[in-house]
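S.K.: heads up, no residue letters with this:
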């Protein structure tokens, strides 16, 4: 069994064997959660100019997003768009989606002046590519195209859910703050 850092490197390098390994290792769900947290902390640190709360928000949003995206991927990919060879469960997708976050640790480089936006964009595209490789492996798809469609649909739906949660949080904070005269 590979170490966490080996798995993160393999996932970031889009190595299909790494995704097969974490898919099969039922004990790797905690590692997958840690990868999600590390990527969220890296992104949050790069955004510290917005305040310390951004790190906390990034961790919470990333963990929620991880579960939501894995669930959406399971429903879309394994239930609505399966191939005859598709055999997957939610645990497998939690592990694969979690490790697909591995390139996100490089989001800390977004702290660099002038390049932050470009770095965030590049890391996001890289994570999406990692997700496609992981989904193709986890859902035993014969083509990458089907994995791309599943990931794009899941990506959009996941962001809608996260945005709604964010807006509810901001709205609630505004209402509570207004009610108490803050």
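M.R.: Thanks, I have the structure now. Computed from a predicted structure; not experimentally measured. Numbers count the residues shown, from 1 in each chain.
S.K.: Am I right that residue 55 is in contact with residue 42?
M.R.: No. The criterion here is CB atoms under 8 Å, and residue 55 misses it with residue 42 at 9.8 Å. Every C-beta, even on glycine, is put in place using the N, C-alpha and C of the backbone.
S.K.: more neighbours, those two?
M.R.: Neighbours per residue, other CB atoms under 10 Å: of residue 55 and residue 42, the larger number sits with residue 42, 23 against 19.
S.K.: which one is that one nearest to, not counting chain neighbours?
M.R.: With sequence-adjacent residues excluded and distances taken as CB to CB, 6 or more residues apart in numbering, residue 42 is closest to residue 108, at 3.9 Å.
S.K.: residues near that neighbour, how many?
M.R.: 18.
S.K.: All further residue positions should be reported with the first residue as 301.
M.R.: Will do, 301 is the new start, and the previous item becomes residue 408.
S.K.: Now do it, the pLDDT please.
M.R.: Here the pLDDT value assigned to residue 408 is 91.
S.K.: backbone phi and psi for residue 302, please?
M.R.: Main-chain torsions, residue 302, degrees, to the nearest 10: phi -80, psi 160.
S.K.: The longest helix anywhere in the chain: which residues count as buried?
M.R.: Secondary structure of the chain per DSSP state H: the longest helix is helix 444-479. Residues of helix 444-479 classed as buried by neighbour count (16 or more other CB atoms under 10 Å): 446-451, 453-455, 457-458, 462.
S.K.: Give me the helices and strands touching it, please.
M.R.: helix 353-373, helix 416-438 (3 or more CB pairs under 8 Å, 6 or more residues apart in numbering; DSSP states H and E).
S.K.: angle of it against helix 416-438?
M.R.: Per axes from the mean of the first three to the mean of the last three CA atoms, to 10 degrees, the angle that helix 444-479 makes with helix 416-438 is 130 degrees.
S.K.: How far away from the center of its chain is helix 444-479?
M.R.: Per CA atoms, centre = their mean, to the nearest Å, the displacement of helix 444-479 from the mean C-alpha position of its chain is 13 Å.
S.K.: coming back round to it: compare the helices and strands packed on helix 444-479 and give me the one nearest residue 314.
M.R.: Smallest distance to residue 314 across the helices and strands packed on helix 444-479 (CB to CB): 4.7 Å, for helix 416-438.
S.K.: Pipe the helices and strands packed on helix 444-479 into CSV and attach mean pLDDT and distance to residue 332 per row.
M.R.: Formatted as CSV, the helices and strands packed on helix 444-479 follow (pLDDT from 0 to 100; distance: least, CB to CB, whole Å):
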stretch, mean pLDDT, distance to residue 332
helix 353-373, 85, 8
helix 416-438, 95, 10
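S.K.: ok, back up a step: will you turn the buried residues of helix 444-479 into TSV that also has distance to residue 377 and pLDDT?
M.R.: Shown next, in TSV, are those (distance: CB to CB, whole Å; pLDDT from 0 to 100):
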residue	distance to residue 377	pLDDT
446	8	96
447	8	97
448	11	97
449	9	96
450	4	96
451	9	95
453	9	94
454	8	91
455	12	86
457	12	89
458	13	82
462	20	76
